[in-house]
Structures are given as C-alpha cells and as structure tokens.
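> Sequence and predicted structure, then a few things I'm wondering about:
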Amino acid sequence: MNAPNKVPARPDPHVMQTYGRLPMALAYGRGCWLWDTEGKKYLDGLAGIAVNTLGHDHPKLVPALQDQVSKLIHTSNYYQVPLQEQLAAKLVEISGLSNVFFCSTGLEANEGAIKIARKFGHDKGIDKPEIIVYEKAFHGRSIATLSATGNTKVQAGFGPLVEGFVRVPLNDIAAVQQIAETNRNVVAVFLEVIQGEGGINPTTSEYLRDVRKLCDEQGWLLMLDEVQCGMGRTGKWFAHQWAGIKPDVMPLAKGLGSGVPVGAIVCGPKAAGVLGPGNHGSTFGGNPLAMRAGVETLRIMEEDKLLENASRMGALLREGLQRELGSLPGLVEIRGQGLIIGVELDRNCGELLGQAAQAGLMISVTADRVVRLLPALIINESEIKQLLAILRPLVKAFLAKPAP
Ligand SMILES: Cc1ncc(COP(=O)(O)O)c(C=O)c1O
C-alpha cells in the first residue's frame, strides 16, 4: 500500500458530534502500526476497540476480501448464502453450540438475544419476562441494549427505558439466588464474561459455573455477551471457555470480521429454535462480504495460532505492566486476561488518550479511570516492549502530578 499524500486532519462540520474525537485522522496501517494523514506513525494498542483481530492490511485477509468484493458483496436473505452456512458451521464447531443468526454489530446481536429471551419466556406462558443484568455492564446504544447497560451516563436523556431488566452486582451469586427465590418472571441472565466498557472487570470462573447451575435449575437462559472479550482475545475462542461452561446464547461482533462489520447470535439447543420465520431479520446481516471476512478471520487465526499468541503476548504485557507500573502510588490494579487488559488508576485519566497518541501509541480510557489495552492478536514481543516503553513514562508522569 502506498502512503497517500499528506493531508492535515480537520474537524468535520457535517458529521454529528457524538464522539469526543482527537484532532487527527488515520490514513493507513500495516500489522500493529498506523500512520496518520500527516505521516506520523503509531503503535496500535487498541485495534479499533477489539475489532482488528488481524491488525491492518493483513497479507492473507486482504486478497480474500478483494476476491469476494469482485464476486459478491451483498445479495439478500431471500436466497441462500452458502458462506453463512460455512461461517455458522465453524462457529458451532469452536463454541460447541448449535445454531447461528447473523447481523452486523454488537448491539444488534444483543438486541436479538433480548428478543430470544423474551420470546422464550412468552413461549413458557410468562407474559412479562424479565432478564437479570449487571451493574457496570455495557451492551450497546439501542433503546433496549442501553436499558440493559449498567451506566447512567449511557442512559441519560433517553428515557423511558425499556422495562424487564433486574440489575445485580457482578460476581455476587447470592444476589442472583435471592431473585430466583422471589421473582417468577425471570427468563435469562445476561452478562459479559469480562466487562469491557465498564472497566475490564472479569467474572470469576466459580461465579460463571454457579450462574450456569442456577440457570439450569431455574430453566433460565444463560446469555453471555462476548462482543468485546470473545474471538480469541483471552487466549481461548471465547472467554467463558476458561470456566468450562457453555452459554445458551452468545452475542458476538467486533473481532469476528477483523474490521468488516459482522455480528452473530450463537445459540445452544435450548435457545436455537425460539425464533421462527418472520420473528427476526437484518438486511445486511450475513451478507457474502461479511461472511467471507468471518470465515477468513477464523481460518487465519487457526493457521497462525493466534489464540496461543494472545495468551503469550497477553501474559508478557501484563507482567511488563506489573513490573513497570505495579508499584507506582496511584495505581489501583492491573486486570484482564490475554489481550484484554485494564490498568485502573486512582483518578480520572481521560487525558492519557491524547498524550499517548502524541507519544505514538493508541490506547483507550474507559470507566473514567481505566487505561484499556486491546491490541490485535498478531502483536509480537518486540511490539509489546515498544508499547510498554511508550506507556510507562506517560502513566508515571501522570501519577506523579498531584491528584485533583
Ligand atoms: C460487550 C459489548 N457489547 C456490545 C457492544 C456494542 O457493540 P456495537 O458498538 O458493535 O453495537 C459493545 C461495544 O463496545 C461491547 O463492548
């Protein structure tokens, strides 16, 4: 790929101002590296918020997508899409679940999961089905998914919220048991295995197994939102696999298409037959380009052993962060698994996003105080060292300033 001419980044007067953007624009990328329109180079520790599984300009993905673009980009779900069956079969194989519905984004996958839970309840004669959701959860920005989200900032201004959600704290099985004893309308438990936007908050394996057991006893669906923490990021295909359990419903998106929008609701036998003809649909969902991106992403992940790489590089990164930042006053905790990592500080640290970019590193700050790292699964040891070398002095200098 040739570098384009230098073009300075400028504000966009016609784009709705829903994002607090940095005054810069990216022009092209290769592997874990990005270049902006002025030619400055960045190490990508964010991968488009857990999307670019294979980094940028991947030598196996790009020709496959070019081939697909020249054949078919989109048809319609009026007809069979053989690539859907190919991707569904692969997702079934790696998840141990049974059927897949394709959509395009994370919120769309979660919205579909909520519909499955509600219809599952109605089919059992529960007229007002309720879903257990979590404090600090993030499930998307549609009206139903923001209602399921546990963040008042995301909800503010959009009431009335969708009803039918009961909220509990994470990793507190007694809170779920108490609801089971008193509320006969519950149909499902819906949670992220590692909360992403909420600050990289992992569920414990013990908690996940307890929730699975309770769901079985109560006849509830276990719905695990793996939109951010799934797709190999933790070193297994899906984060819940570390606990040795299976969900009934698993919404996916982000890393599944390595940058091409692909969402999926992967279901086990208890949930797979709930939606029938006419109950759900998506114009773009499952189109040939999206499906090819998913098929090739999974194929390349296997071929290039990217689960192992995510585990090894994640361990190196966490060890490095612990070694270099762990003892700094003001550092609260380093959390995560594989290549989904949060560094919690004792104060709001949004300014680190811009400072890191200036220093040539893409990161994110979430839940106000958590530096979040989500690099591509192809990252190597030398890039991990470079990431640490850029991040360490920034965090050190930031924490050295008196807390406001
Ligand atoms: C766990 C989780 N679920 C759902 C979503 C929403 O995905 P999308 O932005 O593709 O709608 C996100 C996005 O950050 C997420 O992290």
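Cool, the structure landed.
> for M362, what are its contacts?
Residues counted as contacts of M362 (Cβ atoms under 8 Å, 6 or more residues apart in numbering) are 34, 42-46, 356. Placement of C-beta: from N, CA and C, glycine included.
> Can you tell me how far the residue in the chain positioned nearest to the ligand is from N309?
The chain approaches the ligand most closely through G106 (2.2 Å), counting by Cβ to the nearest ligand atom. Distance of G106 to N309, given as Cβ to Cβ, to the nearest Å: 24 Å.
> Pick out whichever of these two has more residues nearby.
Higher neighbour count among G106 and N309: G106, with 27 against 21, using other Cβ atoms under 10 Å.
> What's the separation between the more buried one and E197?
Distance, G106 to E197, by Cβ to Cβ: 11 Å.
> With E324 instead?
Distance of E324 to E197, given as Cβ to Cβ: 26 Å.
> about what we covered before: now the common contact residues for G106 and E197.
Counting by Cβ under 8 Å, 6+ apart, the shared contacts of G106 and E197 are Q228.
> ranges for the helices of the stretch 101-250 of the chain?
Here the stretch 101-250 of the chain has its helices, by DSSP state H, counting those that start in this stretch, at 106-123, 143-148, 152-155, 173-182, 205-218.
> possible to save these as JSON lines with mean pLDDT?
Output for the helices of the stretch 101-250 of the chain, formatted as JSON lines (pLDDT from 0 to 100):
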{"stretch": "helix 106-123", "mean pLDDT": "98"}
{"stretch": "helix 143-148", "mean pLDDT": "98"}
{"stretch": "helix 152-155", "mean pLDDT": "98"}
{"stretch": "helix 173-182", "mean pLDDT": "98"}
{"stretch": "helix 205-218", "mean pLDDT": "98"}
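> Just confirm I265 is within a strand.
Yes: assessed with DSSP: H, G, I helix; E, B strand; the rest coil, I265 lies in a strand.
> okay, now it: neighbour count?
Using other Cβ under 10 Å, I265 has 28 neighbouring residues.
> Assess the claim that it and S104 are in contact.
No: taking Cβ atoms under 8 Å as the definition, I265 is not a contact partner of S104, at 11.8 Å.
> before we move on, back to that, of the contacts of M362, which belong to strands?
34, 42-44 (DSSP state E).
> and the residue of the chain closest to the ligand, what is it in contact with?
G106 makes contact with 139-140, 225, 227-228, 251, 253-254, 263, according to Cβ under 8 Å, 6+ apart.
> Same list, those residues, but only the ones touching the ligand.
139-140, 225, 227-228, 253 (Cβ under 6 Å from any ligand atom).
> Just the buried ones out of these, please.
Buried residues within those, counting neighbours by 16 or more other Cβ atoms under 10 Å: 139-140, 225, 227-228, 253.
> With respect to P11, which of the residues you listed is nearest?
Using Cβ to Cβ, G140 is the member of those that lies nearest P11, at 26.9 Å.
> so what's G294 closest to, chain neighbours aside?
Leaving out its chain neighbours, the residue that sits closest to G294 by Cβ to Cβ, 6 or more residues apart in numbering is L87, at 4.4 Å.
> before we move on, which element is that neighbour in?
helix 82-95 (DSSP states H and E).
> got the buried residues for that helix?
Quick answer for helix 82-95 (16+ other Cβ under 10 Å): 83-84, 86-88, 90-92, 94-95.
> Export the residues you listed as JSON lines, with columns for pLDDT and distance to the ligand.
Listed next are the buried residues of helix 82-95 as JSON lines, based on pLDDT from 0 to 100; distance: Cβ to the nearest ligand atom, whole Å:
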{"residue": "L83", "pLDDT": "98", "distance to the ligand": "21"}
{"residue": "Q84", "pLDDT": "98", "distance to the ligand": "19"}
{"residue": "Q86", "pLDDT": "98", "distance to the ligand": "23"}
{"residue": "L87", "pLDDT": "98", "distance to the ligand": "17"}
{"residue": "A88", "pLDDT": "98", "distance to the ligand": "19"}
{"residue": "K90", "pLDDT": "98", "distance to the ligand": "21"}
{"residue": "L91", "pLDDT": "98", "distance to the ligand": "17"}
{"residue": "V92", "pLDDT": "98", "distance to the ligand": "21"}
{"residue": "I94", "pLDDT": "98", "distance to the ligand": "19"}
{"residue": "S95", "pLDDT": "98", "distance to the ligand": "17"}
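> where's the closest residue to L388 other than its chain neighbours, which helix or strand?
Spatially, and ignoring its direct neighbours in sequence, L388 is nearest to G320 (4.4 Å; Cβ to Cβ, 6+ apart). Assigned by DSSP H and E, G320 belongs to helix 306-325.
> Please tell me how far that helix is from the chain's geometric centre.
How far helix 306-325 lies from its chain's middle: 19 Å, per Cα atoms, centre = their mean, to the nearest Å.
> cool, and stretch 319-327?
Distance of stretch 319-327 from the chain centroid (Cα atoms, centre = their mean) equals 25 Å.
> Give me the buried positions along that stretch.
320-321, 324-325.
> Could you do stretch 397-404 as well?
By 16+ other Cβ under 10 Å, the buried positions in stretch 397-404 come out as 398-399.
> Over to stretch 219-236?
If you call a residue buried by 16+ other Cβ under 10 Å, then stretch 219-236 has these buried ones: 220-236.
> Could you do stretch 351-370 as well?
For stretch 351-370, by 16+ other Cβ under 10 Å, it's 352-353, 356-357, 359, 361-367, 369-370.
> tally of neighbours for L22?
For L22, the neighbour count with other Cβ under 10 Å is 14.
> so who does it touch?
Shown in contact with L22 (Cβ under 8 Å, 6+ apart): 353-354, 357.
> quick one, what contacts the closest residue to R184 other than its chain neighbours?
Spatial nearest neighbour of R184, excluding adjacent residues (Cβ to Cβ, 6+ apart): I126 at 7.7 Å. I126 sits next to 184-185, 187 when contact means Cβ under 8 Å, 6+ apart.
> I'm done for today, thanks for sticking with me.
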